[in-house]
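[1] mind looking at a prediction? Sequence and model below.
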Amino acid sequence: MCGIAGCLNQPDGADVVRTMLRRLRHRGPDAAGVADLTAGVGSAHVAHARLSIIDLTAAADQPFRRGRWTLVYNGELYNYRELRDLLSREGVTFRTTSDTEVVLEAWARWGSEALRRFRGMFAFAMHDGDTGSVTLARDALGIKPLYVLRRGDGVVFASELQAILGALGRELRVDPTGLAASALYYWIPDSRCAIAGVHKVRPGTFEEYRADGSVLVDTHWSARDAASAAASAAAPDLRRVIRHSVEAHLVADVPVATFLSGGLDSSIVTALAHRRNPNLEAYTIAFRDVDQRLEAMPDDAHYARKLAGTLGVRLHEIELDPDVSDLLPRMMTALDEPIGDPAAINTLLMCEAARDAGVKVLLSGMGADELFGGYRKHMACLIAARYHRLPAGVRRGMIQPAVDRLPVVAAGRGLRYARWAKRFLSFAELDEEAAFRRSYTLYEPQALTALMPSAAEGVADLLTEHEATYWDTDIADHVNRMCLADTRLFMTGLNLAYTDRASMAASTEVRVPFVDVEVFAAAFALSGHDKIRGRTQKHALKQAAEAWLPREIIYRPKASFGAPLRAWVTNDLRDPINDLLVCGDLVATGFLDKAAVTGMVEDHQLGRHDNSKQLWQLLTLEMWYRATLDLGVGGV
């Protein structure tokens, strides 16, 4: 795993690329290189920071050049050995054992069609010395990031937004709609960016920037089309598909470990990886007792210990007791864009512990909830569809008032069923798409517009975009429509984004065996009834897991991979919320309405509403905004 940067047709390209490389060295501390490609057609510069995983020799360092082609590549191809054998039979001679060389030779032989043959995670730039063009490509499901800025007649690109801001921040401005998206979702979808004029290469897409200034954008894989094709195909053996994916993700020339939360998904990955590597080690997070009580959620660490003991896996347990007010600014810098999910802190701390122990690669169970219907919102939306059948008088005259009166905290303990009831009723009266959106977003549209009055037009655009994405499918199955929307929005915009940034901040690589095109196809070959049956979510996955795990792990209560957010907001961050948020720059500029922010803080502190997610997100937004302005970027 690595960091890449580059530019085409930039008069100050050499300086811009070197500045970006300095900002990316945490992604690749093992080696770094820069190539000036101005000798041919046009003017181009590329740079690479390497985290050595496969072929640790200097021969595999980048930029990697062969003939007319120069490659800077961030990622891993899990089928590179098979592709190498195929290319060898076609007459290609290899000089390294790296997957980097396979990417270059595959492109030289097959062009963009090579992308359809790649199984893995990647974002890369390929320069063609004959034409002067640079092609930027991103993997099918958007595991690896790539930011792009059109500048003059050319382009600037990098693995992280902060690299571009560090080099060109004074030319750029914050995008109000990007901030509104962060507040709505607590992350920013791939269709948006927090900085105006910067975009992300979309999952399954490549963009060719030519020396004459023209651009070609095309798709090599589509989640919509792949889901439709899978829905009309026979369901494969799910156990075989998942087992093969985990085994493929173990390829490395360095030690590999796993995240083990104690939940179903990480337990499957750990159990299958342990079968191939009996010396496997795992990492988990444990909460402080006081935080666990306020969070009122099942204790994941208990189940992680039990499974580790059953398998004979050495478990590294990290108690989540950080100085949150100190860690938060560092986390905001690492995350690139304002992402308000504290789970990123877990990932960062576990990756740092692994790196200190000499581990560069970890496997995660991320993606299974999106593909197999595992989130509470999936079940809640199905229940909401049935809730509509109740008489309006019962819904609005009896149930709603009773739930409105429930407190969310009593005697220092969180009341999770009260939280869930209030959350459920916030969307239970809506139609399918709106209910799904409201089930995981932080605000009603009117409340968000009141909070950010100057972003009202952007909020409307975000709602329209969500509706269009949700219904951009011919799948007739409610559950699978939600799963597909989550795969295209939630998984890439939040989970994969924070996992990449947090792990790379610790100079480690996280691999996600469930986020794989073959697992994707197997998941969408299942019906919604296969995924959610009665009160059992991820039914098909749980049935498959019975071959690998104890039933106690498979059918345990679900807990989110998160952090003790309510405890932090209520206790550790009480003063920073008042000092940095209520009296912050976003309030002072008028972008955030002070009365709306103050009301949210008071409601939370008095226990009337659980606003912990909203206040955490706004605090992270404020801290990101300040750090971004410090780079010279213009404000909202």
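    Structure received.
[2] tell me which residues in stretch 99-115 are buried?
    Applying a neighbour-count criterion of 16 or more other Cβ atoms under 10 Å, the buried positions in stretch 99-115 are 99-108, 114-115. In this view, the C-beta of every residue, glycine as well, is placed from N, C-alpha and C.
[3] from those, which single one is nearest Gly213?
    Nearest to Gly213 among the buried residues of stretch 99-115 is Trp107, at 22.6 Å by Cβ to Cβ.
[4] give me the three-state assignment for that closest one.
    helix (DSSP: H, G, I helix; E, B strand; the rest coil).
[5] enumerate every residue touching it.
    69, 71, 114, 126 (Cβ atoms under 8 Å, 6 or more residues apart in numbering).
[6] contacts only, for Trp420.
    Shown in contact with Trp420 (Cβ under 8 Å, 6+ apart): Arg376.
[7] what average pLDDT does the host helix or strand of it get?
    Using DSSP states H and E, Trp420 sits within helix 416-425. Averaged over helix 416-425, pLDDT sits at 72.
[8] over to stretch 343-362?
    For stretch 343-362, the mean per-residue pLDDT is 91.
[9] where does the prediction get shaky in the stretch 351-500 of the chain?
    Across the stretch 351-500 of the chain, the ranges flagged by pLDDT under 70 are 392-394, 397, 401, 403-418.
[10] closest to Val215 out of the contacts of Trp107?
    Of all the contacts of Trp107, Met126 has the smallest distance to Val215: 14.9 Å, by Cβ to Cβ.
[11] over to the closest residue in space to the closest one that isn't next to it in sequence. Which of the three states is it?
    With sequence-adjacent residues excluded and distances taken as Cβ to Cβ, 6 or more residues apart in numbering, Met126 is closest to Thr135, at 4.8 Å. Three-state call for Thr135 (three-state DSSP): strand.
[12] correct me, but Phe259 touches Ser364?
    Yes. The criterion here is Cβ atoms under 8 Å, and Phe259 meets it with Ser364 at 4.9 Å.
[13] pull up the overlap in contacts between those two.
    Common neighbours of Phe259 and Ser364, using Cβ under 8 Å, 6+ apart, are 266, 269, 510.
[14] how close does the second one get to Gln543?
    Read that as Val269. 17 Å (Cβ to Cβ, to the nearest Å).
[15] for those two, indicate the residue with more neighbours.
    Between Val269 and Gln543, Val269 has the larger neighbour count (other Cβ atoms under 10 Å), namely 29 against 15.
[16] dump the residue contacts of that one.
    Contacts of Val269 by Cβ under 8 Å, 6+ apart are 246, 258-259, 363-365, 513-514.
[17] Leu168 too?
    The neighbours of Leu168, taking Cβ under 8 Å, 6+ apart as the test, are 16, 149, 151, 156.
[18] who's the last one bridged to?
    When bridges are taken as DSSP bridges, the partners of Val156 come out as Cys7, Leu149.
[19] counting neighbours, what do you get for Asp218?
    Around Asp218 there are 13 other residues, counting by other Cβ under 10 Å.
[20] surely it is in a strand?
    Yes. Under three-state DSSP, Asp218 sits within a strand.
[21] surely it meets Leu115?
    No. Contact status for Asp218 versus Leu115: not in contact, 9.5 Å apart, counting by Cβ under 8 Å.
[22] so what sits against both of the two?
    What both Asp218 and Leu115 touch, as defined by Cβ under 8 Å, 6+ apart, is the set Phe206.
[23] before we move on, back to that, tell me which of the contacts of Val269 fall in strands.
    The members of these that map onto strands under DSSP state E are 258-259, 363.
[24] which of those lies closest to Arg119?
    Arg119 lies nearest to Leu363 out of the ones in strands among the contacts of Val269, by Cβ to Cβ, at 15.6 Å.
[25] how about the contacts made by the closest residue to the closest one other than its chain neighbours?
    Using Cβ to Cβ, 6+ apart and skipping the chain neighbours, the partner closest in space to Leu363 is Thr258 (4.5 Å). Residues near Thr258 by Cβ under 8 Å, 6+ apart: 266, 269-270, 273, 280-283, 362-364.
[26] ok, now with 7 Å
    266, 269-270, 273, 280, 282, 362-363 (Cβ atoms under 7 Å, 6 or more residues apart in numbering).
[27] farthest-apart pair in those residues, please.
    Within those, Ser266 and Leu280 form the most distant pair, 12.4 Å apart (Cβ to Cβ).
[28] comparing these two, which shows the higher neighbour count?
    Ser266 (26 against 23).
[29] just how off-centre is stretch 532-551 within its chain?
    Chain-centre distance of stretch 532-551: 25 Å, with Cα atoms, centre = their mean, to the nearest Å.
[30] endpoint to endpoint, it covers what distance?
    Using Cα to Cα, to the nearest Å, the end-to-end distance of stretch 532-551 comes out at 18 Å.
[31] show me what that stretch is in contact with.
    Residues outside stretch 532-551 that contact it (Cβ under 7 Å, 6+ apart) are 238-239, 242, 264, 267-268, 271-272, 310, 368, 372-374, 378-379, 382, 479, 526, 530-531, 554-555.
[32] check stretch 146-162 too.
    Residues from elsewhere that reach stretch 146-162, judged by Cβ under 7 Å, 6+ apart: 3-10, 16, 20, 23-24, 27, 74, 123, 125, 136, 138, 145, 164, 168, 195, 197-201, 209, 213, 333, 336-337.
[33] go on, stretch 85-96?
    For stretch 85-96, contacts defined as Cβ under 7 Å, 6+ apart pick out 55, 59-60, 84, 101, 105-106, 109.
[34] what does stretch 628-636 give?
    Against stretch 628-636 from outside (Cβ under 7 Å, 6+ apart): 165-166, 169-170, 172-174, 176, 179, 195, 589, 591.
[35] average pLDDT for that stretch?
    Stretch 628-636 shows a mean pLDDT of 96.
[36] CA atoms of that stretch as CSV?
    Output of stretch 628-636 as CSV, limited to C-alpha atoms (Å, rounded to 0.1, in the frame of the first residue of the first chain):
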residue,chain,number,x,y,z
THR,A,628,-8.0,23.6,6.3
LEU,A,629,-7.9,27.3,6.7
ASP,A,630,-4.4,27.1,8.2
LEU,A,631,-3.3,25.7,4.8
GLY,A,632,-4.4,28.8,3.1
VAL,A,633,-7.7,27.5,1.7
GLY,A,634,-10.5,30.0,1.5
GLY,A,635,-13.5,29.6,3.8
VAL,A,636,-17.2,29.2,3.2
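[37] give me the buried positions along that stretch.
    Quick answer for stretch 628-636 (16+ other Cβ under 10 Å): 628, 631, 633, 636.
[38] no more questions from me, cheers.
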